[in-house]
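> No sequence on hand, only this structure:
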């Protein structure tokens, strides 16, 4: 029998998930896909994704985020440029400013720039925007106005993190942030990479462990971060991340 790349788990309790979302503005949907579909996507991320690097060193307009492609990193001086930016990000974070460093591959750019026409990354973005996935998110969130989603593959390897921020781009149509996780199933708490939500005092009010085949969705804006992945973590936190939009 043919497999579907993005086949949803038919046994999800959508009503219970919706109640949870309405209570807190966030929910983790475990086993969101069939196991076969999740394993196939994990394999694409692990074996067929040319990772670049996303880095930011400060929250000001003069310190915009920078995305290095895999080709740029491989070119002469590319690795050194990434390391300089990563060090600047660490210094910004040490000052209490916004910073991040993680591996990424833009699904949107892959489509727009025809990096690999008909390839698996294009199909992933198509499936995220297809009606089964869109309807699932609309049903859980109650946001019937959602019309599309963007996405990027992300890999939080040792030394990677995403500083505290709120995703306040509501004017750009950002309505619901998502993290579709494909971390290894034995992911340990000591390995970091947790999606953490904070209150106004900076206390952690909820955290989601990186889980294989789990979809985290949360209304934006709300303060959150991805915790630092320490040097001894044996594997990266694989995911597809982005926003469901109302325009």
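Sure thing, it's come through. Since this is a predicted model, take the numbers as computed values, not measurements.
> Now residue 89: which helix or strand?
Here residue 89 sits within helix 78-94, counting by DSSP states H and E.
> now for that helix, which elements pack on it?
strand 52-57, strand 66-68, helix 70-74, strand 99-106 (3 or more Cβ pairs under 8 Å, 6 or more residues apart in numbering; DSSP states H and E). To be clear about C-beta, it is placed using only N, CA and C from the backbone, and glycine gets the same treatment.
> Any chance of the ones you listed in CSV with mean neighbour count, mean pLDDT and distance to residue 34 as columns?
Below are those laid out as CSV (neighbours: other Cβ atoms under 10 Å; pLDDT from 0 to 100; distance: least, Cβ to Cβ, whole Å):
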stretch, mean neighbour count, mean pLDDT, distance to residue 34
strand 52-57, 24, 98, 30
strand 66-68, 17, 96, 32
helix 70-74, 14, 96, 30
strand 99-106, 23, 98, 24
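> Please convert those to CSV, extending it with distance to residue 241.
Putting the helices and strands packed on helix 78-94 into CSV (distance: least, Cβ to Cβ, whole Å) gives the following:
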stretch, distance to residue 241
strand 52-57, 11
strand 66-68, 13
helix 70-74, 18
strand 99-106, 9
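> who wins for proximity to residue 138 among the ones you listed?
Across the helices and strands packed on helix 78-94, residue 138 has its closest neighbour in strand 99-106 (24.4 Å, Cβ to Cβ).
> which is the next helix or strand following that closest one?
Using DSSP H and E, the first helix or strand after strand 99-106 is helix 107-112.
> So for that next one, what gets flagged as buried?
107, 110-111 (16 or more other Cβ atoms under 10 Å).
> Kindly indicate which of those lies nearest residue 196.
Nearest member of the buried residues of helix 107-112 to residue 196, counting by Cβ to Cβ, is residue 107, at 24.7 Å.
> can you map out the strands along the chain?
26-30, 52-57, 66-68, 99-106, 148-149, 152-156, 161-165, 174-182, 195-198, 204-208, 212-219, 224-226, 237-245 (DSSP state E).
> Just send those back as TSV, with distance to residue 115 too.
Shown next, in TSV, are the strands of the chain (distance: least, Cβ to Cβ, whole Å):
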stretch	distance to residue 115
strand 26-30	29
strand 52-57	11
strand 66-68	14
strand 99-106	9
strand 148-149	19
strand 152-156	12
strand 161-165	24
strand 174-182	20
strand 195-198	28
strand 204-208	30
strand 212-219	25
strand 224-226	26
strand 237-245	16
